[in-house]
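Visitor: sequence first, then the predicted structure:
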Amino acid sequence: MLRELANKLPFPILPLLYIVGGLALSFFSLNVFFELSEDLMEDERFQFDQVIIQYVSTIRNETLTGIMKFITFLGSINVLTLLLVGSLIWLIGKRKNYWGAIFYLVAVAGGGLLNLGLKHWFGRMRPEDSLIVEQGFSYPSGHAMGSLIYYGFLGYLVVRSRRSKNLKVLLAVGFITIIVLIGLSRIYLGVHYPSDVLAGFSAGTVWLFICIGGRESIRAYQKRTLPFFKRKHPQ
């Protein structure tokens, strides 16, 4: 009923609400990232880092460690690359969604390059008490940022698909759960500070919404849903 009412309005209110909501979340995430980065550049210690790390050290056990190693594997660059290739093949070959494939590639690949640049810019060393060996700098977490962008964009594609509402909700909850668990696994395994993960999620959210915004702009142009996109036919 609300959707039918919104469609009767002269200006598409639903796309406007999506845009405003996306901008608000992006602004909040950007602010979190800047606040963390500013404190890091000033060599300030995050108190919540030490509290969480001390708690994690008390719950470690062999079974949970094995589970966390598998979860963190789901956010590795090798897995995300293979999943991305499979997703692109499906989008192009099955769905003929060329713009979706382009923005998906830009989101994941661009996010990876952005994360690499940020890591070298801040140059934060990893925690010393880790259960696995990782190379490179720590801030922001590449697993957290990469998984949020990949699974987040995949969730966006699912929401935009014609699948049933219940399935969309189920898949969205599943993707969010995977993203959160990957972030937690990095803290548990001791290869990232909690602030690294939080920064990765924040930066990833901003980049994700930029890419989704680009895809939605193309969609709006194709459908001519916005007044300034409508063509004027000659009289």
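Guide: Good, I have the coordinates.
Visitor: just the helices in this protein please.
Guide: 2-8, 13-41, 47-59, 62-73, 77-89, 98-122, 142-160, 165-188, 194-223 (DSSP state H).
Visitor: with respect to burial, which of these scores highest?
Guide: helix 142-160 (a mean of 24; mean count of other CB atoms under 10 Å). Every residue, glycine included, has its C-beta placed from N, CA and C.
Visitor: report all helices and strands that that helix contacts.
Guide: If contacts are counted by 3 or more CB pairs under 8 Å, 6 or more residues apart in numbering; DSSP states H and E, helix 142-160 sits against helix 77-89, helix 98-122, helix 165-188, helix 194-223.
Visitor: and the contacts of the third one?
Guide: Applying CB atoms under 8 Å, 6 or more residues apart in numbering, the contact partners of helix 165-188 are 52-53, 56, 60, 64-65, 68-69, 71-72, 74-75, 131, 141, 143-144, 147-148, 151-152, 154-155, 158-159, 161, 163, 192-194, 196-197, 200-201.
Visitor: so for A24, which of the helices and strands packed on helix 142-160 sits nearest?
Guide: Nearest to A24, of all the helices and strands packed on helix 142-160, is helix 194-223, at 10.0 Å by CB to CB.
Visitor: how far does the closest one sit from the chain's center?
Guide: Computed by CA atoms, centre = their mean, to the nearest Å, the chain-centroid distance of helix 194-223 equals 7 Å.
Visitor: elements contacting it?
Guide: Counting contacts by 3+ CB pairs under 8 Å, 6+ apart, helix 194-223 is packed against helix 13-41, helix 47-59, helix 98-122, helix 142-160, helix 165-188.
Visitor: now the angle from it to helix 165-188?
Guide: 150 degrees (axes from the mean of the first three to the mean of the last three CA atoms, to 10 degrees).
Visitor: between helix 194-223 and helix 13-41, how big is the angle?
Guide: Taking the same axes, to 10 degrees, one finds helix 194-223 and helix 13-41 inclined to each other by 150 degrees.
Visitor: now G214: closest residue in space that isn't a chain neighbour?
Guide: Closest residue to G214 apart from its sequence neighbours, by CB to CB, 6 or more residues apart in numbering: F103 at 5.8 Å.
Visitor: so the one you found versus L80, what's the distance?
Guide: Going from F103 to L80 by CB to CB, to the nearest Å gives 16 Å.
Visitor: and what of T205?
Guide: For T205 relative to L80 (CB to CB), the value is 17 Å.
Visitor: how about E134?
Guide: Counting by CB to CB, the gap from E134 to L80 is 16 Å.
Visitor: so what's the residue count around R126?
Guide: 18 (other CB atoms under 10 Å).
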